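> Give the three-dimensional model of this entry:
(chains A and B)
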Amino acid sequence: MIGAILVILTILTTAITIMLAIIQRREFRILRAAVRLRNEAAHVIVTSQAGSGHQDGRERQAATRTLSQTEYETWLLKDAHHRRQLRSPAAGLARAAVVLLPSSDRDRYADEYRSELWDLAQSGAGYPQQVLYALRQLLRAVPMRIVLRSPRRRSAAP
Amino acid sequence: MVSRQRSGPRMTIPTQLVLRALLIEPTREMYGLEICAAAGLPSGTIHPILGRLEAEFGWLRSRWEDINPETEGRPRRRYYQLTQDGTERARIALAQATTSISVLSGLHPRPFRDPA
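Down below sits the predicted model:
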């Protein structure tokens, strides 16, 4: 009996992981397109600002160009961070765990799990530990759902 | 069949460990990983317990950390704290718990290195 439940859980987990991987891949494509557009926009900003700076001479042109370059680099860093988050298998598993929760609680726990994954990563936990954390959340998603849907539930803060 | 209403949670070993961790400093707010570390439990195991204590029994309250994630460069944490009533009830429930202390002493709480 327990063996059958474990097999079903494994199949379900695999199916969810594959589904999330497909979704992530689609998100990747959208993100990549956004980054390309941003890069083009940044190029346009640099060119136009440098062109309009003729009244204050070369220094103004150089400052404008530097500022734009910094902004551009910040964008790139943000994009790289976003891509790492999307790629992380732990983030995918945590999202799968959140999907199993009641819809009214998903936002809260999505933020909470993300925050804990971030803290884990910052405290030096590697990918395997992060995946283990997310797997534990996934395995506890059903008991968690039961708790959150309990008729005895009191009004809790969102 | 008569349904039995419990006034407190089932005092499993993880529940006792979580309550003990929260009772060390009942007025202090703690976030999930911190509670895990203080209780000596693996990360990612305590949310059903916290959810039950908060949502079903009202022993806990929680709130989002009051920071701007953009400025701080990190996501905000969810902080948990025992309510006044919850502190009293938790103390009584722990005192009544039948679990042998020797079982609990086999588990080793460890400090969690706060990345912030």
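
> residues in chain B within reach of chain A, list them.
For chain B, the residues in contact with chain A (Cβ under 8 Å from any Cβ of the partner chain) are B:31-33, B:42-45, B:47-48, B:51-52, B:54-56, B:58, B:61-64, B:74-78, B:112-116. C-beta: built from backbone N, CA, C; applies to glycine.

> Name the residue closest to the centre of chain B, please.
Nearest residue to the geometric centre of chain B (Cα atoms, centre = their mean): residue B:18, 4.1 Å.

> how close does residue B:26 sit to residue A:137?
26 Å (Cβ to Cβ, to the nearest Å).

> quick one, which of the two is more surrounded?
Between residue B:26 and residue A:137, counting by other Cβ atoms under 10 Å in any protein chain shown, residue A:137 is the more crowded of the two (29 against 15).

> Around chain B, pick out the residues from chain A.
Residues of chain A lying near chain B (Cβ under 8 Å from any Cβ): A:108-109, A:111-112, A:114-116, A:118-120, A:122-124, A:129, A:132-137, A:140, A:143-144, A:147-148, A:150, A:152-154, A:156-157.

> among those, which ones are buried?
Buried members of these, scored by 16 or more other Cβ atoms under 10 Å in any protein chain shown, are A:108-109, A:111-112, A:114-116, A:118-120, A:129, A:132-137, A:140, A:144, A:147-148, A:153, A:156.

> Which ones among those map onto helices?
If you go by DSSP state H, these have A:108-109, A:111-112, A:114-116, A:118-120, A:129, A:132-137, A:144, A:147-148 in helices.

> quick revisit: write a PyMOL command that selects only the buried members of the residues of chain B next to chain A.
The command below creates a PyMOL selection of those among the residues of chain B next to chain A that count as buried (16+ other Cβ under 10 Å):
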select buried, chain B and resi 31+32+33+43+44+45+47+48+51+52+54+55+56+58+61+62+64+74+75+76+77+78+112
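
> Residues in contact with the strand or helix carrying residue B:70: which ones?
Residue B:70 belongs to helix B:69-72 when assigned by DSSP states H and E. Identification of contacts with helix B:69-72 by Cβ atoms under 8 Å, 6 or more residues apart in numbering or on different chains yields B:75, B:76.

> buried stuff in that helix?
Result for helix B:69-72 [16+ other Cβ under 10 Å]: no buried residues.

> and after the helix or strand of chain A with the lowest mean pLDDT, which helix or strand comes next?
Within chain A, no helix or strand scores below helix A:57-87, which has a mean of 54 by mean pLDDT, DSSP states H and E. Downstream of helix A:57-87, the first helix or strand assigned by DSSP H and E is helix A:89-99.

> And the residue nearest to the centre of chain B, how close does it get to chain A?
Distance, residue B:18 to chain A, using Cβ to the nearest Cβ, to the nearest Å: 14 Å.

> Please name the residues that touch that residue.
Contacts of residue B:18 (Cβ under 8 Å, 6+ apart): B:35, B:39, B:41, B:46, B:49, B:50, B:53.

> Now intersect the residues you listed with the helices, please.
Using DSSP H, the members of those that fall in helices are B:35, B:39, B:49, B:50.
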